[in-house]
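*Asks:* Here is a sequence together with a model predicted from it:
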Amino acid sequence: MNEIIKEIEAGQLKAEVPEFSTGDTVRVYGRIKEGNRERIQVFEGVVLKKQGGSNRATFTVRKTSNGVGVEKTWPLHSPNVEKVEVVRRGKVRRAKLNYLRQRVGKAAKVKEVGR
């Protein structure tokens, strides 16, 4: 039974997975279906965490929109995620950046690698 599940999950994996990590600023191109129309919406923010493995892997992106913090969790291998583009690399010292939720403005910034 376990081998059958592994085989099905292996078929759902994407061929090319973008290389990004926690603290990076990414641009996620997500497919949105409205009625019979389909469009792509861009969601840009800082990656708070990556979790899971195989086809269950997810990542959470946080941005501030009109002064309100917005978080969205995306499945990494979902067909609804068109592509993930890394805007800038962040230098962080932990795997999950939950402390950014309490920070506002400049305090919520993540240092860039190489600066």
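*Replies:* Good, I have the coordinates.

*Asks:* hey, let's count contacts and neighbours off CA atoms from now on
*Replies:* OK.

*Asks:* If I follow the layout properly, Trp74 ends up in contact with Arg62?
*Replies:* No - counting by C-alpha atoms under 8 Å, Trp74 sits too far from Arg62 to count as a contact (11.1 Å).

*Asks:* what bits of the chain have low per-residue confidence?
*Replies:* The chain contains residues with pLDDT under 70 at 1, 115.

*Asks:* just to revisit the earlier point, for Trp74 and Arg62, work out which one has more neighbours and name it.
*Replies:* The neighbour comparison of Trp74 against Arg62 (other C-alpha atoms under 10 Å) goes to Arg62, with 21 against 17.

*Asks:* got a list of what that one touches?
*Replies:* Glu44, Gly45, Val46, Val47, Leu48, Gly69, Val70, Glu71, Lys72 (C-alpha atoms under 8 Å, 6 or more residues apart in numbering).

*Asks:* Could you rerun that using 10 Å?
*Replies:* Arg62 makes contact with 25-26, 43-49, 69-73, 100-101 under the criterion C-alpha atoms under 10 Å, 6 or more residues apart in numbering.
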